[in-house]
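*Asks:* Based on what follows, work out the 3D shape:
(chains A and B, ligands or ions: 3)
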Amino acid sequence: MNAPAAPLLQVRNLRVEFPTRRGTLLAVDDVSFDIAPGEVLGVVGESGAGKSLTGNAIIGLLEPPGRIAAGQVLLEGERIDNLPYERMRRIRGAKIGAIFQDPLTSLNPLYTVGRQIVETIQTHLPLSAQAARERALDLLKQVGIPAAEQRIDHYPHQFSGGMRQRVVIALALCAGPRLIVADEPTTALDVSIQAQIIALLKRLCREHGTAVMLVTHDMGVIAETADRVAVMYAGRIAEIGPVRDVIKSAAHPYTRGLMGSIPSMGVRSARLVQIDGAMPRLTEIPRGCAFNARCTEAGERCFRERPELMAAGATRAACWRHDTGGVGAVRTKEAAHA
Amino acid sequence: MLAFILRRLLQSIAVLLTVGIVAFFLFRYVGDPINAMVGQDTSMEERAELREKLGLNDPAPLQFVRFIGNAAQGKFGLSYRTSEPVGRLIVERLPATLELALCAAIFAMVVGVPMGVYSGLYPRHWISRVMQAVSLIGVSLPTFLIGILLILVFAVMLRLLPSFGRGDTVALGGWTTNFLTVKGLQALILPSITLGLFQLTLIMRLVRSEMLEVMRTDYIKFARARGLSDRAINFGHALKNTLVPVITIAGLQLGAIIAFAIVTETVFAWPGMGQLFIQSVQFADIPVMAAYLLLIAFLFVAINLVVDLLYFAVDPRLRSNVGAGKGAH
Ligand SMILES: Nc1ncnc2c1ncn2[C@@H]1O[C@H](COP(=O)(O)OP(=O)(O)OP(=O)(O)O)[C@@H](O)[C@H]1O
Ligand code: SF4
Ligand SMILES: [Mg+2]
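*Replies:* Ligands and ions are numbered 1, 2, ... in the order given. This next block holds a predicted model:
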């Protein structure tokens, strides 16, 4: 009340680990960010950067043996990362909805879509079967299912992929959550429908005042949809800031590499560009900056010290270039390996 | 869907005809029916006359048609051993076997499915590990050994349950049942466990592996993300998705139970069809053997048909695929 712009979601120094026989894998390392009510945070990064794990950690569905080893997740100021299973279950679906990559397999094939929506509504809201069905019908109309009165009693296999993802969106929204974690919600869909689904998601979340954590590989989607964007690299946030600034004046060399592929704002389906080299495996993250082996601007300091997020113009970036101390003496890659 | 059922029906008939051919050759060409029917002192002329009268000189296809026609009416001729009509012999024995098989199947399902669900949901729990180990033993021990061990413990040592026979039965029309008397029910316990144990372990392992598989699917993960209760997820969503393969196996196993009742019936002196079959093998009582063969085949086919129909009840994808996608292979 005294702080009106209090964030809806706060992720504080999140660490996700996998204990393995050959030691512990650190898959998400010291990640912190906020999402304000109604805000869309885009999350981008190469495959394996830790985007899905971060999302799963927030909704409390890390698959064992993965676990939150340190840090906190707060929803509306309350910690939710250490809740007992049953209490977290009541938050999932009710306060945090989730949408996954593949709409073809997200729905139980043996039940009608109506039954699955009603079941979710009644899990979280004290509504009669009749009222829940009306709400389900209303949601199906909102997500643009034609002839919803009939379609509500159809089975998932009777819907196309795009229609199924609309049903999944209805399911994620049906109990009125404050936040939706959408992990590549259109990757599995036909390119021609991807834009529609994203536009629908954006419109509904704006109407309902729902915040979104939108994980995607599609910089065009980010440019059009997100308010802010977080760029992840090797389990850490490399840069985070308002979408316009990250796209127009990225402060991190890795982000600049990603953005190099976007000719101009609003051009759709610009995929993440391939930067020379590959992201290091979790077992082989180098000392210093994780990006140092691929960075064209690396200095001697980048191989010694790990940069934390720091102010870098309009965004925050984990790069020594923006520290008063700079990157130190510039050395070639050959010299670094010698 | 109708086309599907029709196709299945035709397949069933084809299977039955094939078994019929085998039964016919057994009946007609293994051993001489005349020899078995008449006494030592019957003259050659009388034998030839009887042969002619029974149509045994007719061309084989004609005989086959007659054999199948009779079989369809339950007429399999006379038993070589008792000279009673085979049909009546079998009908007398049928209730004992069917009741035993039913109890064994129910035992296997009622115990096997929950065990499978539990060990599928909590594969690392020690209880699951114990069940896995026990089920391995269940699969590898031969049926007769299990039966003998049960008799040893519960009949001989503890004197709790009878070790042989059906106990008291009540006749309802032509059907003698074990279900209406305490002694009859007691008599069912050990043979049912013996007969059902193998299927129990089979069903448990099947449900377990299906559960493990289903729990990894996206829709279960999404059901969790929707905040559904564990009960709704485990039983409403996961278990139902394991049902199709479980129905298949359980159905096929019911046929197997009826067929494998032979061993259990022998161990427990259970007066069922299996016992009848063993006796007829000893006496080379071909008509009984042929009839038994046909009946078992018929039961298998009938059960398969029911199983196929159950799919439609469980899985909505089949209901519409058959209607829309027929001819699209
Ligand atoms: N069960 C596991 N055991 C060990 N490592 C894992 C496991 N699950 C994920 N990881 C590792 O964690 C890292 C992050 O995975 P995550 O799924 O979050 O990547 P992502 O950014 O979502 O990638 P993508 O774009 O491919 O979806 C990956 O390097 C992956 O190898
Ligand atoms: S810290 Fe150094 S290596 Fe890392 S991105 Fe900045 S300049 Fe490149
Ligand atoms: Mg992912």
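*Asks:* Next, give phi and psi for residue A:44.
*Replies:* Phi and psi for residue A:44, reported as degrees, to the nearest 10, are phi -120, psi 170.
*Asks:* pretty sure residue B:311 contacts residue B:247?
*Replies:* Yes. In terms of Cβ atoms under 8 Å, residue B:311 counts as a neighbour of residue B:247; the distance is 7.1 Å. For glycine as for every other residue, the C-beta is placed from the backbone atoms N, C-alpha and C.
*Asks:* Tell me which stretches of the stretch 151-300 of chain A form helices.
*Replies:* Using DSSP state H, counting those that start in this stretch, the helices found in the stretch 151-300 of chain A span residues A:161-173, A:191-208, A:219-225, A:243-248, A:253-259.
*Asks:* quick one, strands of the stretch 101-250 of chain A?
*Replies:* Taking DSSP state E, counting those that start in this stretch as the test, the strands found in the stretch 101-250 of chain A are A:179-183, A:211-215, A:228-233, A:236-242.
*Asks:* Out of the helices of the stretch 151-300 of chain A, the one nearest residue B:118 is which?
*Replies:* Of all the helices of the stretch 151-300 of chain A, it is helix A:161-173 that lies closest to residue B:118, at 28.9 Å by Cβ to Cβ.
*Asks:* ok, residues contacting the closest one?
*Replies:* A:97-100, A:103-104, A:106-107, A:113, A:116-117, A:120, A:136, A:139-140, A:142-145, A:156, A:159, A:180, A:182, A:185-186, A:188-190, A:193, A:196-197, A:200-201, A:204, A:208, A:210, B:222, B:225-226 (Cβ atoms under 8 Å, 6 or more residues apart in numbering or on different chains).
*Asks:* who wins for proximity to ligand 2 among the helices of the stretch 151-300 of chain A?
*Replies:* helix A:253-259 (4.6 Å; Cβ to the nearest ligand atom).
*Asks:* what pLDDT does residue A:284 get?
*Replies:* pLDDT for residue A:284: 83.
*Asks:* how far away is it from residue A:25?
*Replies:* 11 Å (Cβ to Cβ, to the nearest Å).
*Asks:* Who has more neighbours out of the two?
*Replies:* Just comparing residue A:284 and residue A:25: by other Cβ atoms under 10 Å in any protein chain shown the higher neighbour count belongs to residue A:25, 16 against 9.
*Asks:* quick one: secondary structure of the more buried one?
*Replies:* Here residue A:25 is strand, with the state taken from DSSP: H, G, I helix; E, B strand; the rest coil.
*Asks:* Please determine how far it is located from chain B.
*Replies:* Using Cβ to the nearest Cβ, to the nearest Å, one obtains 21 Å as the distance from residue A:25 to chain B.
*Asks:* Quick check: closest non-adjacent residue to that residue.
*Replies:* Excluding the flanking residues, the one nearest residue A:25 by Cβ to Cβ, 6 or more residues apart in numbering or on different chains is residue A:18, at 4.2 Å.
*Asks:* go on, residue B:139?
*Replies:* Computed as Cβ to Cβ, 6+ apart, the closest residue to residue B:139 that is not its neighbour in sequence is residue B:201, at 5.0 Å.
*Asks:* do residue B:297 as well
*Replies:* residue B:19 (3.9 Å).
*Asks:* Tell me how far residue A:324 lies from residue A:240.
*Replies:* Residue A:324 is 21 Å from residue A:240, by Cβ to Cβ.
*Asks:* how far does the host helix or strand of residue B:188 sit from the chain's center?
*Replies:* Per DSSP states H and E: residue B:188 is located in helix B:182-215. Its chain's average C-alpha position is 14 Å from that of helix B:182-215, according to Cα atoms, centre = their mean, to the nearest Å.
*Asks:* What helices and strands are in contact with the helix or strand just after that helix?
*Replies:* Counting by DSSP H and E, the element after helix B:182-215 in chain order, helix or strand, is helix B:218-225. Where contact means 3 or more Cβ pairs under 8 Å, 6 or more residues apart in numbering or on different chains; DSSP states H and E, helix B:218-225 is packed against strand A:96-99, helix A:103-106, helix A:161-173.
*Asks:* who touches stretch A:105-119?
*Replies:* Residues from elsewhere that reach stretch A:105-119, judged by Cβ under 8 Å, 6+ apart: A:99-100, A:129, A:132-133, A:136-137, A:139-140, A:151-157, A:159, A:164, A:167-168, A:170-171, A:174, B:217-219, B:222-223, B:228, B:232, B:236-237, B:240-241, B:314-317.
*Asks:* can you tell me the distance between the two ends of it?
*Replies:* For stretch A:105-119, the first and last residues are 18 Å from each other (Cα to Cα, to the nearest Å).
*Asks:* In space, what's closest to residue A:225 - neighbours in sequence excluded?
*Replies:* Residue A:225 sits nearest to residue A:202 (Cβ to Cβ, 6+ apart), 5.1 Å away.
*Asks:* how many other residues sit next to the one you found?
*Replies:* For residue A:202, the neighbour count with other Cβ under 10 Å is 17.
*Asks:* who are the neighbours in contact with residue 58?
*Replies:* If you meant another chain, say so; for now it's chain A. Residues near residue A:58 by Cβ under 8 Å, 6+ apart: A:9, A:11, A:73, A:96, A:181, A:213.
*Asks:* wait, I meant chain B there
*Replies:* Residue B:58 sits next to residue B:66 when contact means Cβ under 8 Å, 6+ apart.
*Asks:* try 6 Å this time
*Replies:* By Cβ atoms under 6 Å, 6 or more residues apart in numbering or on different chains, the contact set of residue B:58 is empty.
*Asks:* I'd say residue A:182 and residue A:99 touch.
*Replies:* Yes. Look at residue A:182 against residue A:99 with Cβ atoms under 6 Å: they come within range, at 4.3 Å.
*Asks:* in the stretch 151-300 of chain A, what residue is nearest chain B?
*Replies:* residue A:155 (4.4 Å; Cβ to the nearest Cβ).
*Asks:* Run a quick check on that residue versus residue B:318, I expect a contact.
*Replies:* No. Look at residue A:155 against residue B:318 with Cβ under 6 Å: they stay out of range, at 10.8 Å.
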